[in-house]
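# sequence below, structure please.
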Amino acid sequence: MALDEALTLLEPLNPEAARVVKLRFFAGLTVPESAALLRVDERTIIRKWKFAQAWLYQHLAARSAD
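Below you'll find the model as predicted:
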């Protein structure tokens, strides 16, 4: 539940990063598969994935501290 809520908050801020999370985490796609599907460079996928991981971690950590 918390991850779904966090993704809902991330999507308007960075829709590309939210899409990468859905592809990598929920669909289980690799970096090359995600890059091919989205027609972007693999480095873009890696950058968006790292951003999303950091953002989600920060959001979920703040939520659990409340």
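
# check which helix or strand the most centrally placed residue in the chain maps to.
Closest to where the C-alpha atoms of the chain average out (CA atoms, centre = their mean) is V21, at 3.0 Å. According to DSSP states H and E, V21 maps onto helix 15-21.

# same check, this time on Q53
helix 42-65.

# helices or strands next to that helix in the packing?
Helix 42-65 is packed against helix 2-13, helix 15-21, helix 31-38, with contacts defined by 3 or more CB pairs under 8 Å, 6 or more residues apart in numbering; DSSP states H and E. Heads up, the C-betas are built off the backbone N, CA and C, glycines and all.

# residues contacting the second one, please?
Around helix 15-21, the neighbours that count as contacts under CB atoms under 8 Å, 6 or more residues apart in numbering are L7, L10, E11, S34, L38, I45, K48, W49, F51, A52, W55, L56.

# how about low-confidence regions in the chain?
For the chain, the stretches with pLDDT under 70 are 66.

# how about a cut-off of 90?
1-4, 62-66 (pLDDT under 90).

# what comes up buried for stretch 23-36?
For stretch 23-36, the neighbour count (16 or more other CB atoms under 10 Å) marks L23, R24, L29, V31, S34, A35 as buried.
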